[in-house]
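Novice: Just need the structure, nothing else, for what follows:
(one chain, ligands or ions: 1)
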Amino acid sequence: MSIAPLRVRFAPSPTGYLHVGGARTALFNWLLARRHGGTFVLRIEDTDMERSSEAMVQGILDGMRWLGMTWDEGPDVGGPHAPYFQSQRLDRYRAAAAQLVASGHAYYDYRTAAPRVKTSDGEDVPESFGPKSYDETSVTLRADEVATREAAGMPRAVRFRVPTEGRTTFVDAVHGEIGFDNSSLEDFVVLRSDGYPTYHLSVVVDDMDMRITQVIRGDDHISNTPKQVLLYEALGVPVPGFAHVPLILGADKKRLSKRHGATSVMEYSTQGIVPEAMVNFLALLGWSPGDDQELFSADDLVERFDLEGISGGNAVFNPDKLEWMNNQHIMQLPDDVLIAHVRPWLERAELWRTGFEGEQRVWLTRALALLRPRAKRLGDIPEGLGPLMRPVAFDAAAAAKHLPPEMSEPLDALAARLADLAPFDPTTIEQAVRGTAEARGVKAGAFMQAVRVSLTGRTVSPGLFETIELLGRDESLARIRGGARQAQSS
Ligand code: GLU
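Specialist: Predicted coordinates:
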């Protein structure tokens, strides 16, 4: 597939945060642009002033940045690009509406916008309820009647004139050819009487001005597309390609919503999902590489992504799969990337040390190597690291069960053995632990649990011998002796 120069856009309305469906749409656009060396445009569709808010815009930008979906254009070219905002382009939509009226593709509708007047009892009503009727459009009025109304600045909407016959069709990259009988489409408003464009007009004018070649968006826009195709044709510009991507459903096969848990992508960040996993997961919601590969970096996706892989069937959001993928990515991320992701988590848990940027970095990297396999979420890392960095705090139940008095002496014996163990590595440590258990006549499994609780205060930890190596000889000895004392006192 070669489309050059490919230009795509993501056009969210800032009436909510960046939700999973929107992020997935953005990602498909971004991937396609990156795949083909095209341009990815971010356009905030904020013409619905009442429902749009600055906080929502910020939320969308945060989500885009978190997922690494950089956009290529915007008003402040040269610096970090701002996205395009429709609210800054209102004149352009008004001009396009005027052009459509001039070419006969649209007409003024004075009905929709009869001026409002006060009745004798002070009620605010459309004037059409009064003696004079405004049940008229520029289609039925004579030219001079229209001119008088325009000169008087009478409010009116601009309505697109849909042909009464024929069919409007388009080829959808996901669904194939889709057609609508024009008779099923009503004449639709493109500019409201308050001078604001409707979605159909602003989206088409922008996609035209921004020279968008492929419109990739949610399935819910299929029924809007014939109206937009008619607008492109009326404005005399080529119709872009369309790809409508399937809906995302919850496990219960209902449209994904709050009921299914988080819907804003930033909530997943808060829950300790790494952006690499989120990108991987979102990409597979409705797209498949054609084989059974499931783990992709963003670069892999850029290499593999194409519209052909988008399925027409709805995609199901499986939170367990996301968690599995998150663990897989946590295991594979380069050290520096993982450390950057986990740093705020360590800071919140008061486990971050300035030395982690210097001489203690190697230690942190080794600790992470032990913790990665068990980390489903970033929060599992401070959870596992805390016991290694803080003085041992015995979990009462764990100590009662695994540090009975008869473990005291074997623990001390192990400490003595580790004191001059050389080399001090997991293999020799394992031999020392097993050898001590055998020599003292205690079961290896029970002894290992006693050692574990001595080291961490808990029954769960990363690999025991690796943990001893990581803690180092002195710290391990001190902890094992502390376990011996705890055992004696119980
Ligand atoms: N602002 C529209 C939405 O958020 C964009 C639709 C489109 O991509 O054309 O649904």
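
Novice: Helix or strand next in line after the lowest-mean-pLDDT helix or strand in the chain, which one?
Specialist: In the chain, the helix or strand scored least confidently by mean pLDDT, DSSP states H and E is strand 124-126, which has a mean of 58. Tracing the chain past strand 124-126, the next element assigned as helix or strand by DSSP states H and E is helix 143-151.

Novice: ok, Ile222 to Glu165 distance?
Specialist: Ile222 sits 22 Å away from Glu165, taking Cβ to Cβ, to the nearest Å as the criterion. (C-beta placed from N, C-alpha, C; glycine too.)

Novice: how about the helices in the stretch 151-300 of the chain?
Specialist: Ranges of helices within the stretch 151-300 of the chain are 199-209, 225-235, 265-270, 275-283, 298-304, based on DSSP state H, counting those that start in this stretch.

Novice: Could I get the buried residue list for the last one?
Specialist: By neighbour count with 16 or more other Cβ atoms under 10 Å, helix 298-304 contains the buried residues Ala298, Leu301, Val302, Arg304.

Novice: what sits up against the helix or strand following it?
Specialist: Downstream of helix 298-304, the next assigned helix or strand under DSSP H and E is strand 315-316. Contacts to strand 315-316, defined as Cβ atoms under 8 Å, 6 or more residues apart in numbering, come from residues Pro246, Leu247, Ile248, Leu249, Gly250, Ala251, Lys253, Leu285, Gly286.

Novice: from the middle of its chain, how far away would strand 315-316 be?
Specialist: The offset between the C-alpha centroid of strand 315-316 and the centroid of the whole chain comes to 15 Å, using Cα atoms, centre = their mean, to the nearest Å.

Novice: That strand pairs with which strands, and in what direction?
Specialist: Pairing partners of strand 315-316, with direction, according to DSSP bridges: strand 248-249 (parallel).

Novice: any residues touching the partner strand, and which ones?
Specialist: Around strand 248-249, the neighbours that count as contacts under Cβ under 8 Å, 6+ apart are Val20, Gly21, Arg24, Arg255, Leu256, Leu285, Gly286, Asn314, Ala315, Val316, Phe317.

Novice: close to the ligand, is it?
Specialist: No: with Cβ under 6 Å from any ligand atom as the measure, strand 248-249 is seen stopping short of the ligand, the closest distance being 14.0 Å.

Novice: i'd like the first residue to be 7 from this point on
Specialist: New numbering, starting at 7: the last item is strand 254-255.

Novice: Now that strand: average pLDDT?
Specialist: Model confidence over strand 254-255, given as mean pLDDT, is 92.

Novice: Then stretch 203-212?
Specialist: For stretch 203-212, the mean confidence score works out to 97.

Novice: now check that stretch, is it near the ligand?
Specialist: Yes: when contact is scored as Cβ under 6 Å from any ligand atom, part of stretch 203-212 falls within range of the ligand: Val209.

Novice: any weak-confidence spans in the stretch 57-206 of the chain?
Specialist: Within the stretch 57-206 of the chain, the segments meeting pLDDT under 70 span 82-86, 118-141.

Novice: Same list (the contacts of strand 321-322) but as TSV, adding neighbour count and distance to Ala158.
Specialist: Listed next are the contacts of strand 321-322 as TSV, based on neighbours: other Cβ atoms under 10 Å; distance: Cβ to Cβ, whole Å:
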residue	neighbour count	distance to Ala158
Pro252	20	50
Leu253	17	47
Ile254	24	50
Leu255	18	52
Gly256	16	54
Ala257	12	59
Lys259	8	55
Leu291	25	53
Gly292	24	52
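
Novice: circling back: adding distance to Gly392, write the helices of the stretch 157-306 of the chain out as CSV.
Specialist: Compiled in CSV, the helices of the stretch 157-306 of the chain are given as follows (distance: least, Cβ to Cβ, whole Å):
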stretch, distance to Gly392
helix 205-215, 51
helix 231-241, 54
helix 271-276, 20
helix 281-289, 23
helix 304-310, 31
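
Novice: which one of the ones you listed lies closest to Gly469?
Specialist: helix 281-289 (23.8 Å; Cβ to Cβ).

Novice: Please save the CA atoms from that closest one in CSV.
Specialist: What follows is helix 281-289 as a C-alpha-only set of coordinates in CSV (Å, rounded to 0.1, in the frame of the first residue of the first chain):
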residue,chain,number,x,y,z
PRO,A,281,2.6,3.4,28.2
GLU,A,282,4.5,0.8,26.2
ALA,A,283,2.0,-1.9,27.3
MET,A,284,-1.0,0.4,26.8
VAL,A,285,0.1,1.2,23.2
ASN,A,286,0.6,-2.5,22.5
PHE,A,287,-2.8,-3.3,24.0
LEU,A,288,-4.7,-0.6,22.2
ALA,A,289,-3.1,-1.5,18.9
